[in-house]
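Engineer: would you be able to build a 3D model of this:
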Amino acid sequence: MQLLTSSVGRKILMAITGQLMVLFVIVHLLGNSTIFIGWVNAYAEHLHAMPPVVWIFRIVMLALVGIHILFGIQLTLENSAANPQGYAVNNKLKATFASENMIWTGLLLLAFIVYHVLHFTARVTPDIVKGVDALGRFDVFTMVVSSFQHGIIAVIYVAAMVTLFLHLSHGIQSFFQTMGWNNAKSLPVFSKIAMVLAVIFLLGYSSIPLFIVTGILNK
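Structural biologist: Residues are numbered from 1 along each chain as shown. Sure thing, here's the model as predicted:
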């Protein structure tokens, strides 16, 4: 129970849940990227052929997000009361714009996640085009392309990916610091790893709306 009551324990839980969500970001990017090779409808059909697995996964992810957000807010409030510099940033890590605004980028990502779920999971936004492809599968490709042809939607998604880049460029390296695996020699290495992964996510996810809105990828 000390993990829940102590600030160190909550930082560890935040770090672990954060990195588990990074693994999801990796898997999700791989799945989304199938749109470039025409496999996204097959990928979606394969996922929805396993409803129990999908729902268990969603519940687990919801729990991870909830824990991460709850402890992030708690630690921020505690840190603000004890130190006016804000978000619980380890002093061994050099303060950056990303590190000093983790709480805000996190809350912006939460708002985006809600929108994204309503958009492509619940499919309740007015831009959604529902239909089936030639094989009788739900036409995810047409749904995505039709949505991102609206410039404002493409901008929202790219802006969200910039926010994700900022959050993860600090969050990934902070994980190693929180777990006590960082030292003067390893810190530059972990910092570079965090930056490379954050850039890959930014370019990978942003390429889909950008390719569509510019007409490179279309129906």
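Engineer: mean confidence score for the lengthiest helix in the chain?
Structural biologist: The residue-count maximum for a helix in the chain (DSSP state H) belongs to helix 51-82. Mean per-residue pLDDT for helix 51-82: 91.
Engineer: who are the packing partners of the helix or strand just after that helix?
Structural biologist: Going down the chain from helix 51-82, the next helix or strand is helix 97-100, by DSSP states H and E. Under the contact criterion of 3 or more C-beta pairs under 8 Å, 6 or more residues apart in numbering; DSSP states H and E, helix 97-100 touches helix 151-178. The way it works is simple: take the backbone N, C-alpha and C, and place the C-beta from them, glycine included.
Engineer: what packs against the helix it packs on?
Structural biologist: helix 7-32, helix 97-100, helix 102-116, helix 140-148, helix 186-213.
Engineer: of those, which is nearest residue 178?
Structural biologist: helix 7-32 (4.1 Å; C-beta to C-beta).
Engineer: any buried residues in the closest one, and which?
Structural biologist: Applying a neighbour-count criterion of 16 or more other C-beta atoms under 10 Å, the buried positions in helix 7-32 are 10-19, 21-22, 25, 32.
Engineer: against which helices or strands is the following helix or strand past that helix packed?
Structural biologist: Moving toward the C-terminus from helix 7-32, the next helix or strand (DSSP H and E) is helix 40-48. Counting contacts by 3+ C-beta pairs under 8 Å, 6+ apart, helix 40-48 packs against helix 7-32, helix 140-148.
Engineer: now the longest one: mean pLDDT?
Structural biologist: Helix 7-32 shows an average pLDDT of 94 in the prediction.
Engineer: hmm, back to that, TSV please, covering the helices and strands packed on helix 40-48 and showing distance to residue 115.
Structural biologist: Output for these, formatted as TSV (distance: least, C-beta to C-beta, whole Å):
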stretch	distance to residue 115
helix 7-32	15
helix 140-148	12
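Engineer: of the buried residues of helix 7-32, closest to residue 142?
Structural biologist: residue 32 (15.2 Å).
Engineer: and the residue nearest to that closest one when sequence neighbours are not counted, how many neighbours?
Structural biologist: Sequence neighbours aside, residue 208 is the residue nearest to residue 32 in space, at 6.2 Å (criterion: C-beta to C-beta, 6 or more residues apart in numbering). Residue 208 has 23 neighbouring residues, counting by other C-beta atoms under 10 Å.
Engineer: I'd say residue 208 and residue 148 touch.
Structural biologist: Yes. Counting by C-beta atoms under 8 Å, residue 208 does reach residue 148; the two are 7.0 Å apart.
Engineer: mutual contacts of the two, please.
Structural biologist: Common contacts of residue 208 and residue 148 (C-beta atoms under 8 Å, 6 or more residues apart in numbering): residue 157.
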